[in-house]
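S.K.: With the sequence up front, the predicted model follows.
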Amino acid sequence: MSIFDATNNTLTIQQGATFSLSLNFESADEETIDLSSATAAIQGRSSYDSGSTLFSLTQASGITLASTNPNIILTMNNTVTAALTAPLTGVYDLEITISGTVYRILEGPLRITPEVTR
């Protein structure tokens, strides 16, 4: 078992709206973990065994990692979220790699809600 247990939360993305989520990744002692040299990825899929992604973010496309809190920021602009199929439910997880060790820090159900105003 890892020293970091993944938190299970529902992730809701509104189709056609800017998405932003700021997270504080801390040690068990509530000390901020410097993620400036880490890597990260988050993917959403329609099911755990789906071969295709609904969305995928890395530092090159929507994830910012930092040494101070919030040390993880996830973003998708409205053009990106407008291209997502909605309504839709699925699953996601967020993984951080620090010195070669992968930690799943966030996971759970995914909801994409449809845009009405266009």
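M.R.: Here it is on my side, so go on. From a predicted model like this one, the values you see are computed outputs, not experimental measurements. Residues are numbered from 1 along each chain as shown.

S.K.: rest of the way, CA atoms for contacts and neighbours
M.R.: Noted.

S.K.: Straight-line length of stretch 74-85, end to end?
M.R.: Terminal residues of stretch 74-85 are spaced 19 Å apart (CA to CA, to the nearest Å).

S.K.: Who are the packing partners of the strand of greatest length in the chain?
M.R.: Secondary structure of the chain read by DSSP state E shows that its longest strand is strand 101-113. If you count contacts as 3 or more CA pairs under 8 Å, 6 or more residues apart in numbering; DSSP states H and E, strand 101-113 packs onto strand 7-8, strand 11-14, strand 88-98.

S.K.: Next, the residues that contact stretch 75-83 from outside, please.
M.R.: Residues outside stretch 75-83 that contact it (CA atoms under 8 Å, 6 or more residues apart in numbering): 13-21, 62-63, 115.

S.K.: Dump the longest strand of the chain to PDB, restricted to CA.
M.R.: Taking C-alpha atoms only, strand 101-113 is exported to PDB below (Å, rounded to 0.1, in the frame of the first residue of the first chain):
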ATOM      1  CA  THR A 101       7.000   6.200  -8.200                       C
ATOM      2  CA  VAL A 102       3.500   6.500  -9.500                       C
ATOM      3  CA  TYR A 103       0.800   7.700  -7.000                       C
ATOM      4  CA  ARG A 104      -2.900   7.600  -7.800                       C
ATOM      5  CA  ILE A 105      -4.200  10.600  -5.800                       C
ATOM      6  CA  LEU A 106      -7.700  11.100  -7.100                       C
ATOM      7  CA  GLU A 107     -10.200   8.700  -8.700                       C
ATOM      8  CA  GLY A 108     -13.900   8.100  -9.000                       C
ATOM      9  CA  PRO A 109     -17.000   8.600 -11.100                       C
ATOM     10  CA  LEU A 110     -17.000  11.100 -13.900                       C
ATOM     11  CA  ARG A 111     -20.000  13.200 -15.000                       C
ATOM     12  CA  ILE A 112     -20.200  15.400 -18.100                       C
ATOM     13  CA  THR A 113     -23.300  17.500 -18.100                       C
END
